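>>> mind looking at a prediction? Sequence and model below.
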Amino acid sequence: MKEVKTPFPRLKLTVTQVLGDCYHGYKSGDEIILEDFTHAPVHFCLGLAHALFPVIYALSFGAKFGFRDNQRSLLVTCPDGGKLEFKAEILDKQGKLEVVPRDPQHKGPNPKKMIIEVAEAKGKCAFGYKVGDKWETQGLKCIPGFCGAAFHTAFPALFALNFGAKFFFVPDPDSIDTVTCPDGGNIVFKVTRIGEKK
């Protein structure tokens, strides 16, 4: 692969546990480098990618997990029977691991208030969503009756914002306004974390 030009950081995955037979043959201690959260190595397991994406997306935009010895890391379990466990970590521009020690003030989950709203409507939506429609949720809670495909698309943003990510490329870094419906791109959502502005 040619050199990846990206503003986003590289990531390191380490296999921390093997608890079953893995089709990909990953072994304990294996290390995998991702050029950024959008570039996986050749033959990378897409089942793992599905479970991993919210985590590496969140880490890439500065999320911290206060309960971890290194807040800039998180464990992810293989979604196929829990056969493997991976540790995801972020690398700095020099290729060294970013390390932020455990937060001694961390006292458990602190789910953030979130707003999902329709920012653009380009076509027909089976759920009838229109510009200005809003839904509120707390942390990672599902929204009753909300379109599952839309929630699936919004989940990485919810996950990232819930753990403190900031999106540097939008005017309000406590939000992201490019969460797009996978069904023709008819609806574009804005996801916003509420209550952390100073």
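Here it is on my side, so go on. Numbers count the residues shown, from 1 in each chain.
>>> what kind of secondary structure is the residue most central in space within the chain in?
Note on the chain: the residue nearest the mean C-alpha position is Pro54, at 2.1 Å, using Cα atoms, centre = their mean. Per DSSP: H, G, I helix; E, B strand; the rest coil, the local secondary structure of Pro54 is helix.
>>> and the pLDDT for it?
At Pro54, the pLDDT value in this model is 97.
>>> go on, the one 5 residues further on?
Looking at Leu59, its pLDDT stands at 98.
>>> what do you get for Lys197?
47.
>>> what strand or helix carries the nearest residue in space to Cys45 that is not next to it in sequence?
Leaving out its chain neighbours, the residue that sits closest to Cys45 by Cβ to Cβ, 6 or more residues apart in numbering is His24, at 4.9 Å. Bear in mind the C-beta positions are built from the backbone N, C-alpha and C, glycine included. For His24, there is no helix or strand it lies in under DSSP states H and E.
>>> residues near His24, how many?
Here the number of neighbours of His24 (other Cβ atoms under 10 Å) works out to 14.
>>> was I right about it contacting His43?
Yes - judged on Cβ atoms under 8 Å, His24 makes contact with His43 at a distance of 7.3 Å.
>>> and Leu140, how close does it get to Asp80?
22 Å (Cβ to Cβ, to the nearest Å).
>>> distance of Phe167 relative to Cys125?
24 Å.
>>> how about the helices in this protein?
Assigned by DSSP state H, the chain shows helices spanning 46-60, 148-162.
>>> and the angle for the first one with helix 148-162?
Translated: helix 46-60. 40 degrees (axes from the mean of the first three to the mean of the last three Cα atoms, to 10 degrees).
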